[in-house]
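Trainee: Got a predicted structure here, sequence first:
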Amino acid sequence: MDSLLRTTLIKVLTPALAIALVLFLTHRRRMSWREDLGLRAPTGKVLVGWLVLWIAWVALSEVLIRELDLDQAKPWPDYPAGIVVLRILAIGFLGPGAEELVMRGLFLGRLQRTRVGPLGAILIVAVVWAAFHYSYGPGTLVLVTTDGVLFGLARVRGGSLWIPIAMHVLGNLFSLAQSLTA
């Protein structure tokens, strides 16, 4: 197996396994996916409201990225079509699903029930999540932290983990589109 296919399969399998592991372990601990993780369907009105807010934020952050000369989406090399499809699956769908399931589903879901409460949990999880994106510059990390706060607010106020998952997927697909057309 060539190295490009191997690294691409790792990008696909890592978040897929993370999703499977979280779902398996929470089921085994008798945690409710609906109540504890927030995997309940949002109302259409609530989902659309959050997605409109998210799109407005992404548009504003694009202006800030350009004006402040922050990290831009990097163009992709000329990958074979199969690799492109697998990487879009990994980065556009599975990655956001795994990150949101762990960060806003499991961690935020549990942390908000402690003394820190929902707002403290949102802020803590947003900062921890941004720390995982340490490879970006400080200005971009502020934007990533703000993304995390919005995802957390959507999870708590929207009552469903599907909302930040959808927001995150849209954001990553937008970034992928920039990389593929650059």
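Mentor: Yep, it's here. Numbers count the residues shown, from 1 in each chain.
Trainee: Identify the residues contacting V46.
Mentor: V46 is in contact with G158, G159, S160, I163, counting by C-beta atoms under 8 Å, 6 or more residues apart in numbering. Bear in mind the C-beta positions are built from the backbone N, C-alpha and C, glycine included.
Trainee: what do you get for M103?
Mentor: Counted by C-beta under 8 Å, 6+ apart, M103 has contacts V125, V128, W129, G148, F151.
Trainee: sec struct for it, please.
Mentor: helix (DSSP: H, G, I helix; E, B strand; the rest coil).
Trainee: Roughly how far does it sit from Y79?
Mentor: 28 Å (C-beta to C-beta, to the nearest Å).
Trainee: Next: G38.
Mentor: From G38 to Y79 the distance is 35 Å (C-beta to C-beta).
Trainee: what's the answer for L25, then?
Mentor: Taken as C-beta to C-beta, the span from L25 to Y79 is 34 Å.
Trainee: So for those two, which residue has more residues nearby?
Mentor: Y79 (14 against 11; other C-beta atoms under 10 Å).
Trainee: Just to check, the more buried one is in contact with I88?
Mentor: No. Contact status for Y79 versus I88: not in contact, 10.3 Å apart, counting by C-beta atoms under 8 Å.
Trainee: ok, T145 - contacts?
Mentor: With C-beta under 8 Å, 6+ apart, T145 has these contacts: A126, V127, W129, A130.
Trainee: Can I get the residues you listed in JSON lines including pLDDT?
Mentor: JSON lines is the format used below for these (pLDDT from 0 to 100):
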{"residue": "A126", "pLDDT": "98"}
{"residue": "V127", "pLDDT": "98"}
{"residue": "W129", "pLDDT": "95"}
{"residue": "A130", "pLDDT": "96"}
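Trainee: Now tabulate the residues you listed in CSV and tack on secondary structure.
Mentor: Below are those laid out as CSV (three-state DSSP):
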residue, secondary structure
A126, helix
V127, helix
W129, helix
A130, helix
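Trainee: Please indicate which of those residues are buried?
Mentor: A126, W129, A130 (16 or more other C-beta atoms under 10 Å).
Trainee: from those, which single one is nearest L173?
Mentor: Here the nearest of the buried ones among the contacts of T145 to L173, counting by C-beta to C-beta, is W129; it sits at 18.7 Å.
Trainee: Under a three-state scheme, what state does the spatially closest residue to that closest one that is not a sequence neighbour occupy?
Mentor: Leaving aside its sequence neighbours, W129 sits nearest to G148 (C-beta to C-beta, 6 or more residues apart in numbering; 4.5 Å). What three-state DSSP gives for G148 is helix.
Trainee: Report the contact partners of G148.
Mentor: Here G148 is in contact with M103, V125, A126, V127, W129, A130 (criterion: C-beta under 8 Å, 6+ apart).
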